[in-house]
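Engineer: quick one, fold the following:
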Amino acid sequence: MIEIPAPLPFSYASRPRSVQSARITVLPLEGGGLEQRIEHAPLPGVTREMLLWWMHRLGSRVVWEGREVKAYRLWHPRDHIDWSCEGPVRPGCRFHIQEAFGAERRFLVDQAFDVPKLDLSGFRLETGMFGVARLSIDEDWSDSPEGARWINTMRLVPIRPLYGPLVRLGRALKRRMFTAWLTHNVEEVGFVPEFLPALVEGRAPAATAASDDALSRQSTTPATPR
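Structural biologist: Predicted structure coming up:
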C-alpha cells in the first residue's frame, strides 16, 4: 500500500493560491467526454526556460529550508508523494506519478503517463482509463511581462462511441475527484514562483540541487536558464 507522507512544513505551503485565482472552464464533449481548462494567474519571476529546467530535475534531491527532499515534493509539499521517469526525460518517456489530492487516500493517484511532448512550450501527458477512455493533459507555457503563463487543458475522451455512457457514469462517480484535482492543480502551479526562481539562481536559503553528474544519469538536461 502506498504511504501518504506527512506534509512538508515549508513556509510557502501555508499560503496556496485559491481556485478563484484561476479562470476555469468545464465543457462536456460530444460522445460523453469532458474538457477542463485552467488558465492560471501569471507566475511572477518565472520563465518558460525555468519551467523546462525544472521538469528535467523532478527526480533530483534538493535542500530547502534545511530539509533534503526529492524535488517533486517541493512542488506540492502536501499532495506530492513520488515521481519517476522511464528513460531520459524527453519526448517519448513515461512519467510515473504518485500524489494524493488534499493528502486524502480517496483521492490517491498512482499512474504512469506517456509524455509525447516536452519542450519550451510545455508538455503533454497521456494515459488510458480502464480500457474505455483516453485521458490527455496539456500543460502550455508562455512568457509575459507579469511572469510565465500556464494553461492546463485536461480532456477525457471515450476510445469508442459505444463507451460514451460508461465515461459519463465514471465522470459522475468521480465528480469529487475532479474537483479535488482542480484545487490541487491551482495550488501546485501557484507554488512555483515561491521556490523555482531562487532554486534556479542559487539564491534560496539552504537550497542546493543534485550534482550535474547525478542529473545527467537520469535525464537529458537543457542548459540552466539565465
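
Engineer: going by C-alpha atoms from here, please, whenever you check contacts or count neighbours.
Structural biologist: OK.

Engineer: now for the longest strand seen in the chain, which elements pack on it?
Structural biologist: As assigned by DSSP state E, the longest strand anywhere in the chain is strand 108-119. Applying 3 or more Cα pairs under 8 Å, 6 or more residues apart in numbering; DSSP states H and E, one finds that strand 108-119 contacts strand 93-100, strand 122-129.

Engineer: those strands: which one's closest to Met50?
Structural biologist: strand 122-129 (11.2 Å; Cα to Cα).

Engineer: for that closest one, buried residues please.
Structural biologist: Gly122, Phe123, Arg124, Leu125, Glu126, Thr127, Gly128 (16 or more other Cα atoms under 10 Å).

Engineer: Gly32: how many residues sit nearby?
Structural biologist: 20 (other Cα atoms under 10 Å).

Engineer: confirm Pro5 sits in a helix?
Structural biologist: No: per DSSP: H, G, I helix; E, B strand; the rest coil, Pro5 lies outside any helix segment and is coil.

Engineer: any idea how far it lies from His80?
Structural biologist: 9 Å (Cα to Cα, to the nearest Å).

Engineer: go through the helix of greatest length in the chain and flag the buried ones.
Structural biologist: Scanning the chain for the longest helix, with DSSP state H as the assignment, gives helix 175-201. Across helix 175-201, burial judged by 16+ other Cα under 10 Å covers 177-178, 180-197, 199-200.

Engineer: hmm, Leu29 and Pro161 touching each other?
Structural biologist: No: between Pro161 and Leu29 there is no contact under Cα atoms under 8 Å: 11.8 Å.

Engineer: just to revisit the earlier point, and which of the buried residues of strand 122-129 is nearest Ser136?
Structural biologist: Distances from Ser136 to the buried residues of strand 122-129, taken by Cα to Cα, are shortest for Glu126, at 4.4 Å.

Engineer: give me the number of residues near the nearest residue to the closest one once chain neighbours are set aside?
Structural biologist: The shortest distance from Glu126 to any residue other than its chain neighbours is 4.4 Å, reached at Ser136 (Cα to Cα, 6 or more residues apart in numbering). Ser136: 20 surrounding residues under other Cα under 10 Å.

Engineer: for the helix or strand hosting Ser136, packing partners?
Structural biologist: Using DSSP states H and E, Ser136 maps to strand 133-142. Contacts defined by 3+ Cα pairs under 8 Å, 6+ apart place strand 133-142 against strand 122-129, strand 149-158.

Engineer: can you give me the buried ones in it?
Structural biologist: So for strand 133-142, counting by 16+ other Cα under 10 Å, buried means Ala133, Arg134, Leu135, Ser136, Ile137, Asp138, Glu139, Asp140, Trp141, Ser142.

Engineer: was I right about the last one contacting Ser121?
Structural biologist: Yes: in terms of Cα under 8 Å, Ser142 counts as a neighbour of Ser121; the distance is 6.5 Å.

Engineer: list the residues that contact both of those two?
Structural biologist: Arg48 (Cα atoms under 8 Å, 6 or more residues apart in numbering).

Engineer: can you redo the buried residues of strand 133-142 as a markdown table with pLDDT?
Structural biologist: Formatted as a markdown table, the buried residues of strand 133-142 follow (pLDDT from 0 to 100):
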| residue | pLDDT |
| --- | --- |
| Ala133 | 82 |
| Arg134 | 89 |
| Leu135 | 91 |
| Ser136 | 95 |
| Ile137 | 96 |
| Asp138 | 98 |
| Glu139 | 98 |
| Asp140 | 98 |
| Trp141 | 98 |
| Ser142 | 98 |
